[in-house]
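**Q** sequence first, predicted coordinates after that:
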Amino acid sequence: MKSVKVVIGSNFGDEGKGLMTDYMCSINENPVVIRFNSSAQAGHTVVTPDSKRHVFGHFGAGSLQGIPTFLSYYFSVNPLLFLKEYDELVKIGIIPHAMIDTNCPVVIPQDMILNQILERHRGNNKHGSCGLGYNESIVRNSMDRYKITCGDIFSGIYKDKLELIKKEYIDKRLEQLNLKSSNDNLMSILFDANIIEHFIYDVDNNFKSKVELSNMESILENYKTPIFEGAQGLMLSEDYKYFPYVTHSKTGVSNVIDLLEKAKPCELNIEVIYVTRSYLTRHGAGPIPNEMKEKPYKNITDLTNIRNEFQGVLRFAPLDIDLLSENIENDYNKMHFNSKNKKINVSKSIAITCLDQIDNNKAEYYKDNNLLLKHTDEFIEDILRKINPDNCYLSYGVSRDNIVKY
């Protein structure tokens with residue numbers, strides 16, 4: 001029986017998925033980290049016990065331990081941001097090992113430019129985009145005529161498709177988005193031939209030499225413990241109730257089940273680890289239940305989610321454990337409904353992070369529509385009673401050596 005770990009954010013993202021993935025890599029044999037949704041906007045922070053720090057976008061959060069990454073076909077590869085992150089890791093002494101599926105969709109510079117023009121054009125009605133082109137790439141790659149995959153990059157046909165996108169697609173997309181008359185300063189470079197030339201140079205001379213083509217079947221054969229690292233959170237899933245303030249991705253377990261069943265329908269022991277901070281956050285536009293004007297605890301520090309043009313500042317609310325339970329149960333039940341493999345054994349775990357940031361061991365949170373203030377231990381017990389997990393992991397710091405299994 002193969003042991004599989006799945007790390008999923010339970011809220012609006014920023015829960016500590018990178019931290020938990022790094023921890024899982026440290027306690028399991030021969031692991032590989034598999035990205036199963038989203039793209040470079042993940043922003044998963046890992047701090048090692050010796051204080052080495054990196055915010056991961058493309059690479060798995062086990063990379064600082066030398067654990068390889070596999071980018072499945074549910075992950076959209078942005079070669080330019082991949083190379084930027086690769087160089088950042090090399091500067092801190094890490095040479096990451098990345099494997100990619102030939103069917104991974106590719107994000108191109110025009111996707112990023114269109115994304116940023118559109119989000120600025122929305123003014124006060126922003127959707128909360130990171131401005132990295134993910135949604136635009138999904139739209140473009142849904143059309144075979146303009147779709148570019150990693151396989152296309154290695155075969156070379158992507159160059160002709162880039163020209164086709166420039167000649168046909170961009171004008172059509174601008175018209176669809178009512179942006180033809182936009183005076184955004186990025187409009188002037190959207191059709192610039194230099195963008196395509198530089199992209200081709202970077203892809204052919206740098207990107208292709210830093211990745212290895214693979215597939216899910218090979219990954220399962222060569223590594224003992226697949227660790228699936230999710231991006232964003234359950235409340236940002238494309239099929240969740242907060243549309244359009246969501247990501248164009250399934251953030252729960254459904255992609256994982258699909259990848260496993262198509263690759264190797266066999267007996268699997270899956271531990272799904274749902275991660276939450278001890279309070280609720282959201283970075284970007286859209287609703288956040290019970291939002292507070294100030295952060296709930298003065299000890300909260302976050303070096304990753306800094307103010308930016310597209311997402312603004314990190315927003316806060318007390319954790320609502322009934323909503324947390326609803327998110328987890330919806331996803332967990334969906335896994336059993338969608339799976340056709342009767343040999344899958346599943347356990348449900350909860351990971352609670354940022355417990356060290358609670359002031360004076362007094363946690364503020366919602367339960368049964370009541371705002372409570374209780375000792376941290378009672379807060380944890382209330383969560384466990386509501387969710388009834390098989391395992392519980394508690395994090396009292398920024399690195400994996402601050403995690404205890406409860």
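**A** Thanks, I have it.

**Q** tell me the mean pLDDT for stretch 389-400?
**A** Mean pLDDT, computed over stretch 389-400, is 97.

**Q** what's the residue nearest to the spatial centre of the chain in contact with, if anything?
**A** Most central in the chain under CA atoms, centre = their mean is Ala231, positioned 1.7 Å from the mean C-alpha point. Going by CB atoms under 8 Å, 6 or more residues apart in numbering, Ala231 touches 9, 13, 17, 35, 37-39, 41-42, 44, 247, 249, 251. Where C-beta positions appear, they are placed from N, C-alpha and C, glycine not excepted.

**Q** can I assume it sits in a strand?
**A** Yes: per DSSP: H, G, I helix; E, B strand; the rest coil, Ala231 lies within a strand segment.

**Q** out of the contacts of Ala231, flag the one nearest to Lys161.
**A** The closest of the contacts of Ala231 to Lys161 turns out to be Ser39 (CB to CB; 18.7 Å).

**Q** what's around the closest one, how many residues?
**A** Using other CB atoms under 10 Å, Ser39 is surrounded by 29 other residues.

**Q** again, but for the one 4 residues further on
**A** Summarising burial for Gly43: neighbours were counted as other CB under 10 Å, giving 18.

**Q** and the pLDDT at it?
**A** Gly43 is given a pLDDT of 89.

**Q** wait, it sits on Gly57?
**A** Yes: contact criterion CB atoms under 8 Å: Gly43 and Gly57 qualify, at 6.7 Å.

**Q** tell me where the stretch 51-200 of the chain has helices.
**A** 79-91, 109-121, 134-141, 150-155, 158-164, 170-176, 193-202 (DSSP state H, counting those that start in this stretch).

**Q** kindly report the same for the stretch 201-350 of the chain.
**A** Going by DSSP H, counting those that start in this stretch, the stretch 201-350 of the chain shows helices at 216-222, 254-263, 321-338.

**Q** domain ranges for the chain?
**A** Following automatic domain parsing, the chain resolves into domains at 2-30+218-405, 109-211.

**Q** related to what we said a few turns ago, which ones among the contacts of Ala231 are found in strands?
**A** Using DSSP state E, the members of the contacts of Ala231 that fall in strands are 9, 35, 44.

**Q** who's in contact with Leu83?
**A** 202, 206-207, 210.

**Q** returning to what we had before: go through the helices of the stretch 201-350 of the chain and pick out the most buried.
**A** Scoring the helices of the stretch 201-350 of the chain by mean neighbour count under mean count of other CB atoms under 10 Å gives helix 254-263 as the most buried, with a mean of 20.

**Q** what's the angle from that helix to helix 321-338?
**A** On the basis of axes from the mean of the first three to the mean of the last three CA atoms, to 10 degrees, helix 254-263 is oriented at 20 degrees to helix 321-338.

**Q** export stretch 237-249 to PDB, keeping only CA atoms.
**A** Below are the C-alpha coordinates for stretch 237-249, written out as PDB (Å, rounded to 0.1, in the frame of the first residue of the first chain):
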ATOM      1  CA  SER A 237     -11.900  27.300  -5.200                       C
ATOM      2  CA  GLU A 238     -13.500  28.100  -8.600                       C
ATOM      3  CA  ASP A 239     -16.600  26.100  -7.600                       C
ATOM      4  CA  TYR A 240     -17.000  27.800  -4.200                       C
ATOM      5  CA  LYS A 241     -19.800  30.300  -3.300                       C
ATOM      6  CA  TYR A 242     -17.600  33.500  -3.400                       C
ATOM      7  CA  PHE A 243     -17.400  33.700  -7.200                       C
ATOM      8  CA  PRO A 244     -16.000  35.800  -8.900                       C
ATOM      9  CA  TYR A 245     -13.600  36.500  -6.000                       C
ATOM     10  CA  VAL A 246     -12.000  33.100  -6.400                       C
ATOM     11  CA  THR A 247      -9.200  31.400  -8.400                       C
ATOM     12  CA  HIS A 248      -9.600  29.600 -11.700                       C
ATOM     13  CA  SER A 249      -8.700  26.300 -10.000                       C
END
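
**Q** neighbouring contacts of it?
**A** 37-38, 74, 127-128, 134-135, 138, 231-232, 234-236, 250-252, 284-287.

**Q** mind checking what secondary structure Ile380 has?
**A** Applying three-state DSSP: Ile380 is helix.

**Q** could I get the pLDDT score of it?
**A** Ile380 is assigned 98 on the pLDDT scale.

**Q** which helices and strands sit right next to the helix or strand containing Leu394?
**A** Assigned by DSSP states H and E, Leu394 belongs to strand 391-395. Secondary-structure packing of strand 391-395 (3 or more CB pairs under 8 Å, 6 or more residues apart in numbering; DSSP states H and E): helix 17-27, strand 268-277, strand 344-353, helix 376-387, strand 403-405.

**Q** turn the ones you listed into TSV, columns for distance to Asp152 and mean neighbour count.
**A** Converted to TSV, the helices and strands packed on strand 391-395 look like this (distance: least, CB to CB, whole Å; neighbours: other CB atoms under 10 Å):
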stretch	distance to Asp152	mean neighbour count
helix 17-27	29	25
strand 268-277	32	23
strand 344-353	34	21
helix 376-387	43	17
strand 403-405	41	14
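
**Q** how many residues are close by Arg53?
**A** 14.
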